[in-house]
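next comes the sequence, and after it the predicted model I'd like to discuss.
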Amino acid sequence: MSRDLHSQTLTELAAGLERGDFSSVELTEDLLGRIDSHDAALNAFVTVTAERALAAAKSSDEARAAGNAGVLNGLPLVHKDIFCTRDVLTTCGSRMLENFISPYDATVVGKLAGAGAVVLGKTNMDEFAMGSSNETSYFGPVKNPWDLDCSPGGSSGGSAAAVAARLAPAGTGTDTGGSIRQPAALTGTVGLKPTYGRVSRYGMIAFASSLDQAGVITRSSADAALLLGVMAGFDERDSTSIDHPVPDYTAALSGSIKGLRVGVVRQHFDDGLDEKTGAAVHEALAVLEANGAKLTEVDMPNLDLSVPTYYVVAPAECSSNLSRFDGVRFGHRAENPEDLLDLYCRSRGEGFGAEVKRRIMTGTYVLSAGYYDAYYLKAQQVRHLIADDFHKAFENVDVIAGPTSPTPAFKLGDKTDDPITMYLNDIYTIGANLAGLPGMSTPCGFVDGLPVGLHLVAPHWGEETLLRCAHQYEQLTDWHKACPEDFS
Amino acid sequence: MSSAWEVVIGLEIHAQLATSSKIFSGASTAYGAEPNTQACLVDLGYPGVLPVLNEEVVRMATMFGLAVNATVATRSVFARKNYFYPDLPKGYQISQFELPIVEHGELFITDADGNEKRIGITRAHLEEDAGKSVHEGFEQSSGIDLNRTGTPLLEIVSEPDLRSAKEAIAYMRKIHTIVRYLGISDGNMQEGSFRCDANVSVRPRGQEELGTRAELKNLNSFRFIEKAINFEIERQIELIEDGGEVVQETRLYDSDKDETRSMRSKEEANDYRYFPDPDLLPVEIDAAYIEAVRETLPELPAAKQQRFVADYGLREDDAGILVAVRAFADFFEDVVASTQGKAQGVANFVIGDLAGALNRDGLDIEQSPVSAAALAALLDRIRDNTISGKIAKEVFEAMWAGEGTADEIIEAKGLRQITDSSAIEAIVDKVIEANPGQVAEYKAGKDKLIGFFVGQVMKETGGKANPGQVNQILKQKLG
Amino acid sequence: MSLDKDQVQHIAMLARLKLADDEFAETVDKLSRIVDFVDQLSQADTGDVVPMAHPLNQAQRLRADAVTETVDRDHFQENAPSVEGGFYLVPKVIE
């Protein structure tokens, strides 16, 4: 009976709603039903906002009837629980915010709602966005729909799993070191992190301020383009948001890739990369080449310093960003504090999980007296070198392509013993954050039944190039259409 | 204090900038609101909020920099100063560290020997104020009011060039006057919009190396600062002379006991872990901006004082009193412009009677019930002999009480001066006749008795005889 | 470079984090590994390279000085663990 609404992409659903094939209420009910049946296995959701969703769906159907349909009218999506949603629980995957009802909406949330989107719920994530496997969440790990023993990646694991499992056609995410792109790759979905400053950070709970960007996880580039068009734009509430014109991203999709200069990084294809994953990526590059793209080797001599650089800069910024969680105005507060010091130390000690505490302490250390120059300042210098490597490469290529992740999804629990092993998952994605460049992952194959992703990075404001390249690739392949068996 | 010791003092002044909204948010900065009713989400440090810089604070800091001959940085950077305290919601204060907006300024004070002395201003930087803690009235707790959080501050740091409490006060007064002149701060110490910390140390005279310094806090009046510094100097000297060592620490001034004492020691010395705030971008202003601000600078106190002496022929110290408050100086000039009388006469009246009435009633010059024009009219009546200077004081008080213009009051109370020579002569004759004894003593050489005769004539005339004429006629008649 | 217990204790205090006894040893170990890992940066030849605080070369935007926020104190304080008379309460601070 169901018209397989859940299998349709956002773009397809938009057309269907437009034609009147179904209503937003029907669509929303369908997806809420699926969430009800399937999420127990995945744990992708922290909060399902069923009532609100249905009310919003109803309003959007009425608006459509009245001729007032916004661009996303009636389209359901999910928000990573890092975005403040007014009067709705916003936990950031943490015990610290377990009961936090945000009094305001993030700018991104407002923009999407303003365009008519229907929010199905808030998705699970690594605590305070710190993680690459969605195993640090206070609310339990998220499972990968392709293999429930495996991680979906992180930190936007909940949104990725929800989209891959067809519980929602799209979800928002945030990406500081790869937290949209890596879970997208591991779940066979499309993940886009825009240029730093493209999308407002106001209302997005801060992890590392100079690296964080909001983005989307979808099942096609066309969907990503549709959402980015609504989310992008200057926000006067965010000093780091840039006043750069928002182009028609959907129009950019259909450009040709003939003559597109694709850079392949020499340093990517080394021992750290799983062989089969590498092979799948090479295949993808071959497809691009066969369709007119020109592959060139590029050199990124400082690439292997990107992970240590990130693990100085990001913890430094987050150690300061998370100081506001002190049990005084909101958030977890320890019971019966003896004195002020006890209030702080126990509220924070209890409210934060181990990984968050480790990063706060790493950050505190690298900023502390005597260490600032050797670590923080040094890291910011290396960051500059890495950004320069990219700029130099972009003198000769339009986009840099490679693997998103060194391996497909790994088993839950596999990498939790050694933090460094986990950190190295981000080796390919981190550079784009350090340099503020837009990056995207699109599915490009399977390795032992698990998806792998093709990673694309473009110069600043090059989202159109990314979308065009990914979209054309999607026309030539079917990877992005694959659905995990248990969720079809 | 023994001259074997030299005192070294540096001052850190926090001036609240008089903007309508906060430095990083659009919440109001108005004083005295109900607790936490002016703390918006940005001020409260809620998850996800971000700071946006108020343009007015940049302008105000630039004005200050220009007024003290400093370098205004074309590029300055906000940095986070990280520490935990309940009145600091984000767990860090947004301040400026390595690249402040103003550096290398100076101003001049007069030292103990009456010589002009240059005091260096190391830097002035922008930062946000913290909230307030209330320790009474809550069971076992302190109450935190974050209204003040985010109010813009300009922190002004002097070089350690001050050598006594008096010099410190003189410097502080100058800064106080400047910020008020520029209209960038109301300098209200009671309300906390002008705060001062003093770094005090001593060293044996002739030694180059600085002694260990103590930082004095909680100094909220000029008087207390002077006492606190002097107490601290004594304390340090005594301590060293007794064989002890000065500890680098923060000390609070207790005005009841007139002593400084060590603040409760913290377990750890603060490591503020300064780093550039990633939520804010570098503040960039160009030479054109700075010049445009320079065009708007008002005449500053020192220049105004010199002009008053040169153009109005005022005494140096009178000019100094007039320029201490810009509005006061402006009032004075308005009166001068509206009257025929001499500027020194205006100055005397303004500094004397007008200032006296303002102080008595606790009013600022802007609230004076007597306008500059009205006062000028009164002074004209002295000049044209309608009333005497003494009667003018009476008229002034009536004007202050709202009884009308000078002319109206003079008419209503019949205060016109008697200037008719024959009328005065007649009364002088009468007085001379009535006091033969004093006349004889006067003629015998007791010159001071002239005052007695004048007084008698005034008594007869209800004070309305022109004193000058009275004196002249008396002397004529008495010989 | 490994961190010792005292250093970790000091860092935890600066960050106001209470670590449970059983967490402590593991924290020292993992933090040491992280610090070891980031120590690689010392090898980098950075010379006079300007530290990059922001990925995009832009200047701070200035906002007009106007009151634009109305504060709904009661709404905001719904999330507060302990308030009285509009004040946020903390254990008594002695200055």
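That came through fine.

doesn't A:Ala160 make contact with A:Leu186?
Yes - taking C-beta atoms under 8 Å as the definition, A:Leu186 is a contact partner of A:Ala160 at 7.1 Å. Any C-beta I mention is one placed from the backbone N, CA and C, and that applies to glycine too.

so what sits against both of these two?
Contact criterion C-beta atoms under 8 Å, 6 or more residues apart in numbering or on different chains; residues shared by A:Leu186 and A:Ala160: A:152-153.

close to chain C: what parts of the stretch 1-150 of chain B are there?
Residues of the stretch 1-150 of chain B lying near chain C by C-beta under 8 Å from any C-beta of the partner chain: B:19-21, B:25-28, B:34-42, B:44, B:46, B:52-58, B:77-78, B:84, B:86, B:133-135, B:138, B:140-146.

now, those that are in helices?
Counting by DSSP state H, the part of these found in helices is B:41-42, B:44, B:55-58.

for these, pick the one with the most neighbours.
Neighbour counts for those were taken using other C-beta atoms under 10 Å in any protein chain shown; the highest belongs to B:Leu44, with 29 neighbours.

tabulate the ones in helices among the residues of the stretch 1-150 of chain B next to chain C in TSV, adding columns for pLDDT.
Listed next are these as TSV, based on pLDDT from 0 to 100:
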residue	pLDDT
B:Leu41	98
B:Val42	98
B:Leu44	98
B:Glu55	98
B:Glu56	98
B:Val57	98
B:Val58	98
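
run through those residues and flag the ones next to chain A.
With C-beta under 8 Å from any C-beta as the criterion, these include B:41, B:44 near chain A.

which of the ones in helices among the residues of the stretch 1-150 of chain B next to chain C sits closest to A:Gly351?
Relative to A:Gly351, the closest of these is B:Leu44; by C-beta to C-beta it sits at 17.7 Å.

what segments of the chain are strands?
Just so you know, I chose chain A. Secondary structure of chain A (DSSP state E): strands located at A:45-48, A:76-80, A:118-123, A:170-175, A:190-193, A:213-218, A:261-265, A:294-298, A:399-403, A:439-447, A:450-457.

oops, wrong one, chain C.
All strands of chain C, identified by DSSP E, fall at C:62-63, C:83-84, C:87-91.

returning to what we had before: now, the residues of the stretch 1-150 of chain B next to chain C that are in strands?
Secondary-structure check on these using DSSP E: residues within strands are B:53-54, B:78, B:133-134, B:141-145.

quick check: A:Thr309 touching C:Thr46?
No - taking contacts as C-beta under 8 Å, A:Thr309 lies outside contact range of C:Thr46: 10.8 Å.

the longest helix in chain B is where?
The helix that spans the most residues within chain B, counting by DSSP H, is helix B:222-241.

and stretch B:363-381, end to end?
The stretch stretch B:363-381 measures 26 Å between its terminal residues, going by C-alpha to C-alpha, to the nearest Å.

same thing with stretch A:139-159?
According to C-alpha to C-alpha, stretch A:139-159 extends 14 Å from its N-terminal end residue to its C-terminal end residue.

that stretch near chain B anywhere?
No - contact of stretch A:139-159 with chain B is not found when judged by C-beta under 8 Å from any C-beta; the minimum separation is 15.5 Å.

for chain C, where's the lowest mean pLDDT among helices and strands?
Lowest by mean pLDDT, DSSP states H and E among the helices and strands of chain C is helix C:21-38, with a mean of 92.

flag every buried residue along it.
Along helix C:21-38, the positions that meet the burial threshold by neighbour count (16 or more other C-beta atoms under 10 Å in any protein chain shown) are C:27-28, C:30-35, C:37-38.

put together a markdown table for those residues, with distance to chain B on each row.
Rendered in a markdown table, the data for those read as follows (distance: C-beta to the nearest C-beta, whole Å):
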| residue | distance to chain B |
| --- | --- |
| C:Thr27 | 19 |
| C:Val28 | 19 |
| C:Lys30 | 21 |
| C:Leu31 | 16 |
| C:Ser32 | 20 |
| C:Arg33 | 22 |
| C:Ile34 | 17 |
| C:Val35 | 16 |
| C:Phe37 | 21 |
| C:Val38 | 16 |
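
what's the closest of these to B:Gln306?
For the buried residues of helix C:21-38, the nearest to B:Gln306 is C:Val38 (60.4 Å; C-beta to C-beta).

dump the residue contacts of that closest one.
If a contact means C-beta under 8 Å, 6+ apart, then C:Val38 has A:308, A:311-312, A:362, A:366, A:375, A:379 as its contacts.

over to A:Pro337?
Residues near A:Pro337 by C-beta under 8 Å, 6+ apart: A:327, A:343, A:346-347, C:91.
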